[in-house]
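In: Here is my input, please return the structure:
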Amino acid sequence: MGTVTITITITVQASQHKTPARAGLLERVVWVVPSWDREVGKRKSPVSEQRGRVEIGTVSGHPKRACSCQILQDVQPRVKQRAPECEDATGSGIRQERCEIDIVIPYRVISEAAVLGKSHEGLATWEDDHQEGPVILDIDEDYFGCESPARQLHKKGKWSIKHLRKAKELMQPFCVADAAAEAAVNEQLQMAVTEHVLRQPRPQGELPPEWDSSKALCKGTKSGTFKEHVKKFIKHVKHAVKKGASAEYLLRYGFCTHPESFGKAGYHAVKKGKQPRKVEMEVCLGASSATERSGDRVVLHTPSPERVDRMLENFGKIIWKLSNVQMVTICRSSRDGYTARHLFKQTEAGILKHLSEYATGIGMDLGVVYDEDLFMGAAGWSV
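Out: The predicted model follows:
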């Protein structure tokens, strides 16, 4: 009996140089577009089947900074070629000429409906491209819903841009050297907001972890202990709440390092034997901004739990249409913030359930490996 290996990873930005594409292991890529992408996107008509290529390389003058370009053409008559979409490892858009290409992979985009046999659009592409193996199945949890933490805090949590910026400023003294320290700082701040802003008791039996809080301060912090800086932050949160901001929404997204910390000199990339470089903490706004509108950068959609369950059913049907799956990667999209926090556990549990049934059905064992740098570890968020 063989083994289907599942690796649950942090966001794509954290491992651009270690992807199967960078290693030259991919002959082609097929991207299945979720149904809601068509329903809520800023498009006059549904996404058609698209064919083209993805070009992967490094940013000119920055050999350690990955970049990629998607060059796609709608497969229907009288449609103009789409302009190339290029971005670096942080998701920031760049000009095509700045991405020095060294790998080119055929790329296809088809609809979920086509895969499920509910539409003929793209069906030939699916049948052509998925039959030959081996297959690496890459699942991003924001496939089941995609949101902007900053926009949610701003629009629904009533956090003004001014208050969000001040919160970021007051968190600048907090720095961490690894994911465990990141989780500890997040826990301390969450407890402080719960106790001193919401006036709720700490969970019974839950005590702060035994760790040296002085090591959670950035090098060069001029004055004040960890607790003193926490008090300053809580004072600001209380002020924001008086102005109408929601402390509950702040706790929903929590506190973490910025996704752009990865791929630079962040703690995950430290060479063996060297002292880890500390990375600043902030409110978990990810790669979003408070002024982001649906479709500006990505298509945004916060589904209901019932909609997630229906999508998970479709996901279960899709994986049974695959042959010779050798590896599965699941991307939480935690630090970039796109996966809805309150639906994360439902989504991931459903994905693993269907993958377990699939592995059993094809006579394989299931091996799940959690990335050591996952935000809040294997368990993830507590909301």
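In: low-scoring pLDDT stretches of the stretch 251-383 of the chain, where are they?
Out: Residue ranges of the stretch 251-383 of the chain with pLDDT under 70: 260-277, 289-298, 382-383.
In: where along it do the strands fall?
Out: For the stretch 251-383 of the chain, strands defined by DSSP state E, counting those that start in this stretch occupy the ranges 255-257, 279-283, 325-331, 364-370.
In: Show me what the shortest one is packed against.
Out: Meaning strand 255-257. helix 179-196, strand 279-283 (3 or more CB pairs under 8 Å, 6 or more residues apart in numbering; DSSP states H and E). For every residue, glycine as well, the C-beta is placed using N, CA and C.
In: follow-up on the earlier one: so which of the strands of the stretch 251-383 of the chain is the most packed in?
Out: strand 255-257 (a mean of 25; mean count of other CB atoms under 10 Å).
In: strand partners of that strand, parallel vs antiparallel please.
Out: strand 279-283 (antiparallel) (DSSP bridges).
In: pull the CA atoms of stretch 317-333 into PDB?
Out: What follows is stretch 317-333, C-alpha atoms only, in PDB (Å, rounded to 0.1, in the frame of the first residue of the first chain):
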ATOM      1  CA  LYS A 317     -16.500  14.800  -6.500                       C
ATOM      2  CA  ILE A 318     -13.700  16.600  -8.300                       C
ATOM      3  CA  ILE A 319     -10.900  14.700  -6.600                       C
ATOM      4  CA  TRP A 320     -12.500  11.400  -7.700                       C
ATOM      5  CA  LYS A 321     -12.000  12.600 -11.300                       C
ATOM      6  CA  LEU A 322      -8.300  12.700 -10.800                       C
ATOM      7  CA  SER A 323      -5.900   9.800 -11.500                       C
ATOM      8  CA  ASN A 324      -2.500   9.000 -10.000                       C
ATOM      9  CA  VAL A 325      -2.400  11.700  -7.300                       C
ATOM     10  CA  GLN A 326       1.000  11.500  -5.700                       C
ATOM     11  CA  MET A 327       1.000  14.600  -3.500                       C
ATOM     12  CA  VAL A 328      -1.400  17.100  -2.100                       C
ATOM     13  CA  THR A 329      -0.500  20.600  -0.800                       C
ATOM     14  CA  ILE A 330      -3.000  22.600   1.200                       C
ATOM     15  CA  CYS A 331      -2.300  26.300   1.500                       C
ATOM     16  CA  ARG A 332      -4.100  28.000   4.400                       C
ATOM     17  CA  SER A 333      -3.600  31.500   3.200                       C
END
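In: hang on, the earlier thing: point out the one among the helices and strands packed on strand 255-257 that comes closest to Gly220.
Out: In terms of CB to CB, the element of those nearest to Gly220 is strand 279-283, at 11.7 Å.
In: Tell me how far the closest one lies from the chain's centre.
Out: 16 Å (CA atoms, centre = their mean, to the nearest Å).
In: the domain parsing of the protein - what is it?
Out: 2-148+293-370, 149-283 (automatic domain parsing).
In: CSV for the ones you listed, including distance to Gly380?
Out: Below are the domains of the chain laid out as CSV (distance: least, CB to CB, whole Å):
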stretch, distance to Gly380
domain 2-148+293-370, 6
domain 149-283, 10
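In: Met376 is nearest to which of those?
Out: Minimum separation from Met376 across those (CB to CB) falls at domain 149-283, 5.3 Å.
In: Show me how far that closest one is from its chain's centre.
Out: For domain 149-283, the distance to the chain centre is 19 Å (CA atoms, centre = their mean).
In: thought Ser68 was touching Glu85?
Out: No. Using CB atoms under 8 Å, Ser68 is not in contact with Glu85; the gap is 9.0 Å.
In: quick one: which of these two has more around it?
Out: A direct count of neighbours by other CB atoms under 10 Å for Ser68 and Glu85 places Ser68 higher, at 22 against 13.
In: Which neighbours in the sheet does the helix or strand where that one lies have, and how are they oriented?
Out: Here Ser68 sits within strand 62-74, counting by DSSP states H and E. Applying DSSP bridges, strand 62-74 is found paired with strand 50-59 (antiparallel), strand 85-88 (antiparallel).
In: Reformat those strands as a markdown table; add mean pLDDT and distance to Thr221.
Out: As requested, the strands paired with strand 62-74 are exported to a markdown table (pLDDT from 0 to 100; distance: least, CB to CB, whole Å):
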| stretch | mean pLDDT | distance to Thr221 |
| --- | --- | --- |
| strand 50-59 | 86 | 32 |
| strand 85-88 | 85 | 30 |
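In: Out of the ones you listed, which one sits most buried?
Out: The highest mean neighbour count among those, using mean count of other CB under 10 Å, belongs to strand 50-59: a mean of 20.
In: mind saving the C-alpha coords of that strand as CSV?
Out: Extracted in CSV, the C-alpha atoms of strand 50-59 (Å, rounded to 0.1, in the frame of the first residue of the first chain):
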residue,chain,number,x,y,z
GLN,A,50,-8.5,30.2,-20.9
ARG,A,51,-5.2,28.8,-22.3
GLY,A,52,-1.7,30.1,-22.2
ARG,A,53,1.3,29.8,-20.1
VAL,A,54,2.8,30.8,-16.7
GLU,A,55,6.3,32.2,-16.8
ILE,A,56,8.4,31.8,-13.6
GLY,A,57,11.7,33.6,-12.8
THR,A,58,13.3,36.2,-10.6
VAL,A,59,12.9,40.0,-10.4
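In: I appreciate the help and will end here.
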